[in-house]
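Colleague: curious how this folds, go ahead:
(one chain, ligands or ions: 2)
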Amino acid sequence: MENSNRPKIANVYRGTFIHSTQKTALQILEDELLGVDTDGKIAFTGRGTELVRLSQTFGFSPTEVIQLAKHEFFMPGLVDTHIHACQYSYAGTALDMPLLQWLNTYTFPVESHFKDLQFAHKVYSQVVKRTLRNGTTTACYFATIHTDASLLLGKIANDFGQRAFVGKVCMDRNDSVKHYKETNQESQEETCRFIAELLNKKYPLVRPVVTPRFALSCTGALLGQLGAIAKNNNLHIQSHISENVEEVNLVKKMFPDSESYTDVYLKHNLLTDKTVMAHGCYLSDEELVLFRETGASLAHCPNSNISLCSGMLNVRNVLNHKVKLGLGTDVAGGYSASMLDAVRRALDTSKILTIQNPEYKTLSFEEVFRLATLGGSQALSLDDQTGNFEVGKDFDALRVNVAAPGGPIDLVQCEEPKIILEKFLNLGDDRNIAEVFVAGKKVVPFTEPTTE
Ligand SMILES: Nc1nc2[nH]cnc2c(=O)[nH]1
Ligand SMILES: [Zn+2]
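Modeller: Ligands and ions are numbered 1, 2, ... in the order given. Now for the predicted structure:
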């Protein structure tokens, strides 16, 4: 093969790589080599013993190879499939009410403040930095109804190098906080302006996502219009579904012509293979079949489901229905912005389901690791670009040091990689995440922007 057509190699790493594939939840590659090209894509992988051959084939010097230490490994970046960037301002508080009362009492009043761009800049910089430091290389964000603040979130994600979907929230119905809603016309026009202006920025990793808040916040007319906007622009869609019993019952009342909550979205062309719906705790098997048939996915948000006493998603049943599934923090219904917390809460929820029904097959940590990485990329239809270390994908990765000095993990002896991963997932935090890469670029520790 001609060398001249090959992309130039920017960096080569050697050490332990842990990731998931379609076939196996956990693949551990020890003494592996991985080359990243100047476009940030994985150019090759191979055994450490193949160094000389690979260096000749790909034109790099073996002396430039970056060697991981004994307690270090690379894993794919974490994918947060559902997070409200604006709600980061009160994360860790206000968890004493069920969903609908929580929205009216805390959420809508706080979100209305994002008309103020200075406030938005402060909160959005904080949430992007906090999530990146905790290993979220891809985030699917809800902003608020404010177009300019939502565009600012896109700019901040781009500036810090995070891969992101950003949604300007749409809601033309709100009976409790009357000033926090749009007219139907505003919602449509501002959504179109948001999409056009964000696409116009040509940020390489940041994309708009059509975001009806949920069925209760939107008229049927708006839902249909947003379905059409998504279709005409070939865009992703995000919303909430079947999170809480009171919500499900109200949806039934408000949309009497629909057979189910899922049918409401289906009828308005909002269930596509680029749709991600958060929660889904109360979906019937028939509704899961509709998800499977349309290619729509679910974001499992276990911290939020427990914190707001909403319910528990039966992940095993979702997986058995072959519905795409990722994990989400759902800040601030979920109090933690860290995907490591989402991993732990997903395991906890699964164990509670097993306590309730010993027949329930508990999720393994390997399965939840896959949901947090490859699963999330599939849920966002990004698995051709990210999610694991297959050649041709972007290098989105965490360099994890389980023995970081001053960190939360004590190692008594030299442990095998699987044990080290399990310790990191259960006990680790950002002190163990030495470096974060998105599309080959090191984004943690932060180097830019220099402001703030
Ligand atoms: N958890 C959660 N559920 C919602 N349903 C509609 N809006 C929201 C929200 O902001 N958070
Ligand atoms: Zn949410």
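
Colleague: alpha carbons only for contacts and neighbour counts from here, please
Modeller: Noted.

Colleague: so how far is stretch 42-51 off the chain centroid?
Modeller: Relative to its chain's centre, stretch 42-51 lies at 29 Å (CA atoms, centre = their mean, to the nearest Å).

Colleague: in contact with residue 328, which residues?
Modeller: Contacts for residue 328 (CA atoms under 8 Å, 6 or more residues apart in numbering) come out as 79, 80, 81, 82, 83, 278, 299, 300, 301, 302, 339, 342.

Colleague: same question for residue 84.
Modeller: If you count contacts by CA under 8 Å, 6+ apart, residue 84 has them with 141, 142, 143, 330, 331, 332.

Colleague: report the buried residues of stretch 81-97.
Modeller: 81-91, 94-95 (16 or more other CA atoms under 10 Å).

Colleague: can you list the residues you listed in TSV and add distance to ligand 1, secondary structure and pLDDT?
Modeller: Output for the buried residues of stretch 81-97, formatted as TSV (distance: CA to the nearest ligand atom, whole Å; DSSP: H, G, I helix; E, B strand; the rest coil; pLDDT from 0 to 100):
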residue	distance to ligand 1	secondary structure	pLDDT
81	13	strand	99
82	9	strand	98
83	9	strand	99
84	7	strand	98
85	10	helix	98
86	9	helix	98
87	8	helix	98
88	11	helix	98
89	13	helix	97
90	12	helix	97
91	12	coil	97
94	12	coil	97
95	11	coil	96
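
Colleague: report the two of those separated the most.
Modeller: 81 and 94 (22.4 Å; CA to CA).

Colleague: strands - which of the contacts of residue 84 land there?
Modeller: Members of those lying in strands (criterion: DSSP state E): 141, 142.

Colleague: doesn't residue 46 lie inside a strand?
Modeller: Yes. With DSSP: H, G, I helix; E, B strand; the rest coil as the criterion, residue 46 is part of a strand.

Colleague: of the contacts of residue 328, select the buried ones using a PyMOL command.
Modeller: Listed next is the PyMOL selection for buried residues among the contacts of residue 328, using 16+ other CA under 10 Å:
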select buried, resi 79+80+81+82+83+278+299+300+301+302+339+342
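
Colleague: so of the contacts of residue 328, which ones are in helices?
Modeller: 302, 339, 342 (DSSP state H).

Colleague: residue 299 is in contact with the last one, correct?
Modeller: No. With contact defined as CA atoms under 8 Å, residue 342 and residue 299 do not form a contacting pair (10.9 Å).

Colleague: which residues touch the closest residue to residue 295 other than its chain neighbours?
Modeller: Distances taken as CA to CA, 6 or more residues apart in numbering place residue 273 nearest to residue 295, at 4.1 Å, with adjacent residues excluded. Counting by CA under 8 Å, 6+ apart, residue 273 makes contact with 294, 295, 296, 297, 381.

Colleague: report the separation between the closest residue to the last one other than its chain neighbours and ligand 1.
Modeller: Once its chain neighbours are removed from consideration, residue 381 has its nearest residue in residue 274; the separation is 6.2 Å (CA to CA, 6+ apart). Using CA to the nearest ligand atom, to the nearest Å, one gets 19 Å for the distance from residue 274 to ligand 1.

Colleague: from what I can see residue 274 touches residue 235, true?
Modeller: Yes. Counting by CA under 8 Å, residue 274 touches residue 235, with 7.1 Å between them.

Colleague: who has more neighbours out of these two?
Modeller: residue 274 (22 against 17; other CA atoms under 10 Å).

Colleague: sorry, back to before: dump the ones in helices among the contacts of residue 328 into TSV; add distance to residue 174 as well.
Modeller: Below are the ones in helices among the contacts of residue 328 laid out as TSV (distance: CA to CA, whole Å):
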residue	distance to residue 174
302	26
339	31
342	30
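
Colleague: return the member of these nearest to ligand 1.
Modeller: Here the nearest of the ones in helices among the contacts of residue 328 to ligand 1, counting by CA to the nearest ligand atom, is residue 302; it sits at 10.4 Å.

Colleague: from memory the closest one sits against residue 340, does it?
Modeller: No. Between residue 302 and residue 340 there is no contact under CA under 8 Å: 11.8 Å.

Colleague: and this protein, which residues reach ligand 1?
Modeller: 213, 214, 240, 333 (CA under 6 Å from any ligand atom).

Colleague: are any of these buried, and if so which?
Modeller: The buried subset of the residues of the chain next to ligand 1 - by 16+ other CA under 10 Å - is 213, 214, 240, 333.

Colleague: which one among these gets closest to residue 74?
Modeller: residue 333 (30.3 Å).

Colleague: what's the per-residue pLDDT of the residue of the stretch 251-400 of the chain found nearest ligand 1 here?
Modeller: In the stretch 251-400 of the chain, no residue comes nearer to ligand 1 than residue 333, which is 4.9 Å away by CA to the nearest ligand atom. Residue 333 carries a pLDDT value of 98.

Colleague: touching, it and residue 310? I think so.
Modeller: No. Look at residue 333 against residue 310 with CA under 8 Å: they stay out of range, at 9.9 Å.

Colleague: quick one: common contacting residues for these two?
Modeller: By CA under 8 Å, 6+ apart, the residues touching both residue 333 and residue 310 are residue 304.

Colleague: pLDDT below threshold where in this protein?
Modeller: 1-4, 448-452 (pLDDT under 70).

Colleague: out of the contacts of residue 273, which sit inside helices?
Modeller: Those of the contacts of residue 273 lying in helices (DSSP H): residue 294.

Colleague: take the contacts of residue 273 and lay them out in CSV including neighbour count.
Modeller: What follows is these, written out as CSV (neighbours: other CA atoms under 10 Å):
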residue, neighbour count
294, 17
295, 19
296, 25
297, 32
381, 20
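
Colleague: pretty sure residue 66 is touching residue 31, no?
Modeller: No. Counting by CA under 8 Å, residue 31 is not a contact partner of residue 66; they are 12.0 Å apart.

Colleague: now for those two: what residues contact both?
Modeller: With CA under 8 Å, 6+ apart as the test, residue 66 and residue 31 both reach residue 14.

Colleague: how about residue 262, nearest residue that isn't a chain neighbour?
Modeller: Nearest residue to residue 262 in three dimensions, chain neighbours excluded: residue 287, at 6.0 Å (CA to CA, 6+ apart).
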